[in-house]
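[1] sequence plus the predicted model coming up.
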Amino acid sequence: MKALVFKEIGKIELEDIPIPEVNNPDDVLIKVTACGICGSDVKILQGKHAYKPNTVLGHELNGTVEEVGAQVRSLKAGDRVAIDNNPRCGLCDFCRTGFSSQCEWIKEKTIGIFKNGGYAEYCVAPENVCFKLPDDMDYLVATQIETLGTVLNGMNTVQMQPWDMVVVLGCGPIGYLFTSLARNIAAQVAITEIDQFRIGSAKKLNVPVFDPNSCDVEEKIIELTDGKKADIVIDAVGDQFENALNYVTPGGKILLFGMDDSYRATVTPYNITRNAVKVLGSYIGQNTCLPAIKILQSGKINMNNFFTEEIPLENGVSAFRKLGLDLETLKPVPKSALKIVLRP
């Protein structure tokens, strides 16, 4: 089968590799219909995220069940499924205390990062990470079940209230989803973005959009809130902690969601303590894929402006430049896409 294989930092190649086999009794072989390119995949290629060389990337996948292991009972050939790409053991202290995002398995079993994923014609996943798709769910929308699940875990963490003023930093796919949910809950919502293409995507959400390169974002937030600043600031990028501290009100909350392990922040802890600011972290999803399916079914999030392009798998290498990364230089370039989906 054809697969896009991550070789090393800055290098991903189309290769012919064997179709994966059903070796374990709980294995499910999935014929991939579509797989979204996640921002974390871009960061893997930049060396800014955990990775494993010679792995098929791609975790925003859905497809049709082709074959199942001997002990699989909830699925059969022909079922349409999406996956949560993070298998958990269910037995460690973290799993048994409702904190499964910290399960040790995630460090070695994550599909599309440490195990071969959906940038391929076929993928194998255990039964317990597969979720049946509603018959009427579009395959493009279904690529975002796991993604929205991670965002819902962030929403559970930050506990947004109807009276909150929320600022989302960054309008990539994660920022888009956070902003869309916040518009259904919070009293006020604003978003920041520096990329011109994604500024256009942000404006379609009908909230104030601030470009830090052309305005003083802190002043704009002060104007919006009559001097109070934001109750909740969400860093959807991974390098905005210092800015978030400037935008949050005393007693407010900062959610650190985006991931970039090359970023370092300089902060004054006294200011966090003195202003009673709550700094929260959220990682992947926790029992949030089923809620994500329900939300996507409800139509409360406008996904029509979310997807930019579908690209054949064999042309997948070209997608990364459109998502802001020159693979030859590993330098950022202007983006021309929000979400790109690969089709085998």
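    Cool, the structure landed.
[2] buried residues in stretch 75-94?
    The neighbour-count check on stretch 75-94 (16 or more other CB atoms under 10 Å) flags 75, 79, 80, 81, 82, 83, 84, 85, 86, 87, 88, 94 as buried. Glycine gets a C-beta too; all of them are placed from N, C-alpha and C.
[3] please apply the same query to stretch 144-164.
    For stretch 144-164, the neighbour count (16+ other CB under 10 Å) marks 144-155, 157-158, 160, 164 as buried.
[4] what mean pLDDT does it have?
    Across stretch 144-164, pLDDT averages out at 98.
[5] can you give me the strands in the stretch 201-344 of the chain?
    In order along the chain, the stretch 201-344 of the chain carries the following strands (DSSP state E, counting those that start in this stretch): 209-210, 230-235, 248-256, 278-281, 307-312, 325-326, 331-332, 339-343.
[6] if you average pLDDT over each of the ones you listed, which is lowest?
    strand 331-332 (a mean of 94).
[7] the spatially most central residue of the chain and residue 165: what is the separation?
    For the chain, the residue nearest the mean C-alpha position is residue 147 (4.3 Å; CA atoms, centre = their mean). As judged by CB to CB, to the nearest Å, residue 147 and residue 165 stand 25 Å apart.
[8] and residue 304, by the same measure?
    From residue 304 to residue 165 the distance is 27 Å (CB to CB).
[9] between the two, which has more neighbouring residues?
    The residue with more neighbours, out of residue 304 and residue 165, is residue 165; 21 against 8, by other CB atoms under 10 Å.
[10] does the more buried one touch residue 227 like I think?
    No: counting by CB atoms under 8 Å, residue 165 does not reach residue 227; the two are 11.7 Å apart.
[11] circling back to that earlier point, can you lay out the strands of the stretch 201-344 of the chain as a markdown table showing distance to residue 65?
    Formatted as a markdown table, those follow (distance: least, CB to CB, whole Å):
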| stretch | distance to residue 65 |
| --- | --- |
| strand 209-210 | 41 |
| strand 230-235 | 36 |
| strand 248-256 | 36 |
| strand 278-281 | 35 |
| strand 307-312 | 22 |
| strand 325-326 | 33 |
| strand 331-332 | 39 |
| strand 339-343 | 18 |
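[12] so for residue 182, which of the ones you listed sits nearest?
    strand 230-235 (8.1 Å; CB to CB).
[13] good, wrapping up.
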